[in-house]
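Undergrad: sharing a sequence plus its predicted fold:
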Amino acid sequence: MEQSTDNVKAVQKRYQLPLRPPEQVMDLERLGCHHQTRLSFMRTLMRRVMNEQWRIEPVVFELNAEAYGTVVYEIQAPGGIYSFVLFSNYLDPENRNDRVIASQWDLTMALCEGQVDAEQLEQLRENVPKQEAGRVDSRVFVLSRANRSARNFESVVDCLASGRQPDPEQIAKVGYLYRTTAVYGSGKLGMADWGKVQRKYPDFARPFAAEMFTCYMLRHFSLLQAEHIARARAPKTAVAMDEGIKRYFGIGNATGLGMAPFLVHHPVLVSQWIEVRETALAKVVQQGAVTPAHLSRLRDLTARVVQHTREITTDNELQSHNNAVLLEELMGFSTWLEQQGDSLTHWGELQETAQAHWGMETQEVIITLLLELYPELVDSLEEQMGAEEIHDIQPEMSLSAFKTLIETHYQWALDIDFSRQEAQQVFWYRSEEKLEPRLGQCDLDPGKDREMPLAVGRAVQQCYEEVVAQLDRRADLDIAHLLLLAPELKGIVRRIQTMSQRIYGDIQANLVDKDVLPIHLLRCKLAFFGVNKYDPRSRLWVRNTMFQGAPLLSDIGKPFADDWCFPVAPALKEEV
Amino acid sequence: MNMSLNELTAAFKRAFEGLGFELGDYEDAAQMVVWLEAHGLGGLQEVQRGLPYLIQKACPAPHLSYEDDSLAVIDARNNSVLTCGGQAIDLAYAKARQSGLGIVQLRNSHNRKMIIERLVNCGRRGIACFAYWRNGSGPVTEHVVSVASGEDCPHYSHYSVGDRQFGDKQTLYIVCSDNFGLLKARVNRELCQPSAEGGIMTPEQARTAYAESLEQGIAVNSELLATLDGLIKNILVESTEQSRLGAGD
């Protein structure tokens, strides 16, 4: 059994693991094909909650018949006590808006340290519903909000009120009662710094653990609220929701460009996530014994993915096409598995076949399934997802060594032809509206002079040109002297020197190309969060579902299979 | 208003970007200010004093006026250490790595206290460093900062050296070496003997201040916030219906 704190690099070195190469792994389109895995943050959070049997109880429950009011849940975890505070307010449907620039919401919530007294509750009541327009203090470490999926919510309440269960086919189309549109942490709006969360709250000392937990509690409330309203409307006929159906509800999420700069501004962290995922894959391929039991489970999981994919509803043409291709290729994969029978002895054969015959989306699904088969090889890596975003300049490095570094690690950037107009057709900027990141067209939109520096590929190429020019003048120059001559290169020089020390380095894409698809960036991060059911609404934002299939609060303390990936619609039990 | 270190750093990054600092410089400048404040060394007061000057005046780029294997002299040409301090440290660091000792005189520079975070950064990367500078006249105050290799906080002291006149106004001295004992002996030869008590901050005191800042956040006055907000506007683009489409409809 692996030690639970195995260091990723120690594991790679000990087992001489064959990792996939950066040019394959860091391709933007491939990153946009990621699916959640056992190492996704929602999965690791649920393992912790369930295995440690966190006690989560309501201590304030003031809801009127329409379930408007205040609830406070107290959470007792091994490392401390926390409070989840939620305010449910009436929202005129005309004002319901999923954009980050909205100013009112159906639900607003906060995750706080310790117990919340009356005074603090009033402060939270005053500020939490205002979200970005309010201020909280450092006892709060997550702030979020959610809007009702109105049609779905009313339909579910009607069913329960009239003694019926919601239709799983309907839930398959819209698998949530609420959508969250932002989840803030890391010290924004007066909240506690990530450094404080890491030091003081060990239960949430992993990337985005607190944010994911907040969404999990939101999911719980959404189900509770539907039942509450149904009971109030029809006390004689209302029924509780079937638990299997409850588990099939998740929380909707709408993610847009606001998330994209994160992946560029936190390259060390993102590279760490990817390195851990690839290490897990390499461990499974190298050490995972191919037994009849594993093959049987793989067949079951594949059938589940097929069913899950069939149940995805999306209007997006590209996603629909990709899902159709995925289904076809998964059928091919199933056939291939059957044909292999006992002759399959090493998962490397499967990987080679997948790369030779099936598309990226199918390849990445198979990776998710392989990781599912070996919790004993994979789960110990979950503690390695953190990384400090420290970027250091090595000023003593010779310019010729730096030139070689660029050629070795950034050839993808040097290969981009920026003389083509299309290669620099778009630019990223921050809007005066809540600093929302937006994408502009260079020949159409104002703001190019205030462009956000996200075009890493272009910056690398410009740096390289300057380095070559300087080396022509003086072959013995070092980085310290380069930066005296060209101080504007500091940012990109530091990035190149830092990321060249990582196995996977930067995302390999031209982010200012006319055809860039920012949703690939979004999907990569969302997959690490653990979401499902991607439904792109454009190339700039994507709806998805969080925690669908996850255990309920009422499941804490019961046997836990940790097997809720790719959830499928439950069969409706016969009504008595 | 209390702000977390992360929030304050992000605000300063945007503000310095709005001031026209380059990528790399605005990140470092924000770190320098917030680090100083978080460790109880008055970063906000320093930057608030320096901001009007930064806003009004664009200075020519610093100039390397002398150099040999271990010594360099840079004329900062009245630039703030927020923009040119990093270059000076990098040069001293490189010389220390290459020849064991690196000394940089950064002449005609302002906001010299801001160098402290860069020195700590140096120490974290395994090179011991000292910096010292003199302020004022009648009396003159000498400021000395030292960071041992591997340390995360500095030893900082300042003391009066009376009415002595020095020809190095606005000069910051940076000394780096991989030999802390040698470094200390060398720097002590350059320093004056204190004639009056000043202040001392030990690494332990700096760490305590930091822990408090992390726990509670940092208090920021409304005047400074208004100044930062004004600078941040320089990097924002007007929102229109067309631009809202740029985030997806």
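TA: Nice, I can see it. Residues are numbered from 1 along each chain as shown, chains lettered A, B, ... in the order given.

Undergrad: the closest residue to chain B within the stretch 101-250 of chain A - how many residues pack around it?
TA: Nearest residue of the stretch 101-250 of chain A to chain B: A:Gly187, at 3.0 Å (Cβ to the nearest Cβ). (C-beta placed from N, C-alpha, C; glycine too.) Neighbours of A:Gly187 under the rule other Cβ atoms under 10 Å in any protein chain shown: 25.

Undergrad: next up, the contacts around the closest residue to it other than its chain neighbours.
TA: Nearest non-adjacent residue to A:Gly187, counting by Cβ to Cβ, 6 or more residues apart in numbering or on different chains: B:Ser4, 3.0 Å away. By Cβ atoms under 8 Å, 6 or more residues apart in numbering or on different chains, B:Ser4 lies in contact with A:Ser138, A:Ser186, A:Gly187, A:Lys188, A:Gly190, A:Met191, A:Ala192, A:Asp193, A:Lys196, B:Gly217, B:Ile218.

Undergrad: A:Thr44 too?
TA: By Cβ under 8 Å, 6+ apart, A:Thr44 lies in contact with A:Arg38, A:Arg206, A:Ala209, A:Glu382, A:Met385.

Undergrad: the third one against A:Phe41, yeah?
TA: Yes. Under the criterion of Cβ atoms under 8 Å, A:Ala209 makes contact with A:Phe41 at 6.4 Å.

Undergrad: any idea how chain A splits into domains?
TA: A:2-36+A:267-387, A:41-256 (automatic domain parsing).

Undergrad: where among the ones you listed is average confidence lowest?
TA: In terms of mean pLDDT, the lowest-scoring of the domains of chain A is domain A:2-36+A:267-387 (a mean of 91).

Undergrad: strands of chain B, start to end?
TA: B:2-3, B:63-67, B:71-75, B:101-107, B:128-135, B:141-147, B:155-160, B:172-177, B:196-201, B:218-219, B:236-237 (DSSP state E).

Undergrad: and chain A, which of those strands is closest to it?
TA: Closest of the strands of chain B to chain A is strand B:236-237, at 3.5 Å (criterion: Cβ to the nearest Cβ).

Undergrad: picking up where we left off before, any common contacting residues for A:Ala209 and A:Phe41?
TA: Jointly contacting A:Ala209 and A:Phe41 under the rule Cβ under 8 Å, 6+ apart is no residue at all.

Undergrad: one step back: farthest-separated two in the contacts of B:Ser4?
TA: The largest separation in those, counting by Cβ to Cβ, is between A:Ser186 and B:Ile218 at 15.2 Å.

Undergrad: could you report the neighbour count for B:Gly24?
TA: Neighbours of B:Gly24 (other Cβ under 10 Å): 22.

Undergrad: in this structure it contacts A:Ala486, no?
TA: No. Using Cβ under 8 Å, B:Gly24 is not in contact with A:Ala486; the gap is 10.9 Å.

Undergrad: for A:Asn253, helix, strand, or coil?
TA: strand (DSSP: H, G, I helix; E, B strand; the rest coil).

Undergrad: please report the distance of it from A:Tyr184.
TA: Applying Cβ to Cβ, to the nearest Å, the value for A:Asn253 to A:Tyr184 is 14 Å.

Undergrad: so which of the domains of chain A is the most surrounded?
TA: Most buried of the domains of chain A, by mean neighbour count (mean count of other Cβ atoms under 10 Å in any protein chain shown): domain A:41-256, with a mean of 19.

Undergrad: now do that domain: distance to the chain's middle.
TA: 18 Å (Cα atoms, centre = their mean, to the nearest Å).

Undergrad: I'd guessed A:Gln76 sits against A:Glu52; true?
TA: No. Using Cβ under 8 Å, A:Gln76 is not in contact with A:Glu52; the gap is 10.0 Å.

Undergrad: can you give me the helices for chain B?
TA: Along chain B, counting by DSSP state H, helices occupy B:5-18, B:25-38, B:43-56, B:81-99, B:116-124, B:180-190, B:203-216, B:222-232, B:241-245.

Undergrad: please identify the most buried of these.
TA: helix B:81-99 (a mean of 26).

Undergrad: packing partners for that one?
TA: With contacts taken as 3 or more Cβ pairs under 8 Å, 6 or more residues apart in numbering or on different chains; DSSP states H and E, helix B:81-99 sits against helix A:479-485, helix B:25-38, helix B:43-56, strand B:71-75, strand B:101-107, helix B:116-124, strand B:128-135, strand B:172-177.

Undergrad: buried residues in the first one, which are they?
TA: It stands for helix A:479-485. Within helix A:479-485, the residues that count as buried by 16 or more other Cβ atoms under 10 Å in any protein chain shown are A:Ile479, A:Ala480, A:His481, A:Leu482, A:Leu483, A:Leu484.

Undergrad: now the fourth one
TA: Residues B:Ala72, B:Val73, B:Ile74, B:Asp75 are the ones in strand B:71-75 that count as buried (16+ other Cβ under 10 Å).

Undergrad: can you redo those as CSV with distance to B:Leu51?
TA: Below are these laid out as CSV (distance: Cβ to Cβ, whole Å):
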residue, distance to B:Leu51
B:Ala72, 29
B:Val73, 28
B:Ile74, 23
B:Asp75, 23
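
Undergrad: quick one: the residue positioned nearest the centre of chain B from chain A, how far?
TA: Central residue of chain B (Cα atoms, centre = their mean): B:Met114, 2.0 Å from the mean position. Distance, B:Met114 to chain A, using Cβ to the nearest Cβ, to the nearest Å: 16 Å.

Undergrad: quick one on the thing from earlier: out of the contacts of A:Thr44, what pair is the most spread apart?
TA: A:Arg38 and A:Ala209 (15.2 Å).

Undergrad: remind me what the strand or helix carrying A:Val270 packs against, helices and strands.
TA: Here A:Val270 sits within helix A:267-287, counting by DSSP states H and E. When contacts are defined as 3+ Cβ pairs under 8 Å, 6+ apart, helix A:267-287 sits against helix A:8-15, helix A:347-357, helix A:360-373, helix A:375-378, helix A:490-499, helix A:518-529.

Undergrad: redo those helices as TSV? Include distance to A:Thr314.
TA: Output for the helices and strands packed on helix A:267-287, formatted as TSV (distance: least, Cβ to Cβ, whole Å):
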stretch	distance to A:Thr314
helix A:8-15	35
helix A:347-357	24
helix A:360-373	14
helix A:375-378	29
helix A:490-499	34
helix A:518-529	12
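
Undergrad: can I get the ones you listed in TSV with distance to chain B?
TA: Below are these laid out as TSV (distance: least, Cβ to the nearest Cβ, whole Å):
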stretch	distance to chain B
helix A:8-15	19
helix A:347-357	32
helix A:360-373	22
helix A:375-378	31
helix A:490-499	3
helix A:518-529	9
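
Undergrad: nearest to B:Arg244, of these?
TA: Using Cβ to Cβ, the nearest of the helices and strands packed on helix A:267-287 to B:Arg244 is helix A:518-529, at 15.7 Å.

Undergrad: what does the closest one contact?
TA: A:28-29, A:31-37, A:39-42, A:208, A:212, A:253, A:255-257, A:259-260, A:262-263, A:270, A:273, A:439, A:507, A:509, A:511, A:534, A:536, A:539-542, A:544, A:546.

Undergrad: continuing past it, what's the next helix or strand?
TA: strand A:532-536.

Undergrad: returning to what we had before: out of the domains of chain A, nearest to A:Asp563?
TA: Between the domains of chain A, domain A:2-36+A:267-387 lies closest to A:Asp563; by Cβ to Cβ that is 7.6 Å.

Undergrad: and the pLDDT at B:Pro52?
TA: So, for B:Pro52, pLDDT stands at 86.

Undergrad: next one: it from B:Leu231, what distance?
TA: Separation of B:Pro52 from B:Leu231 (Cβ to Cβ): 12 Å.

Undergrad: same check, this time on A:Leu86
TA: 37 Å.

Undergrad: next: A:Tyr504.
TA: Taking Cβ to Cβ, one finds A:Tyr504 at 36 Å from B:Leu231.
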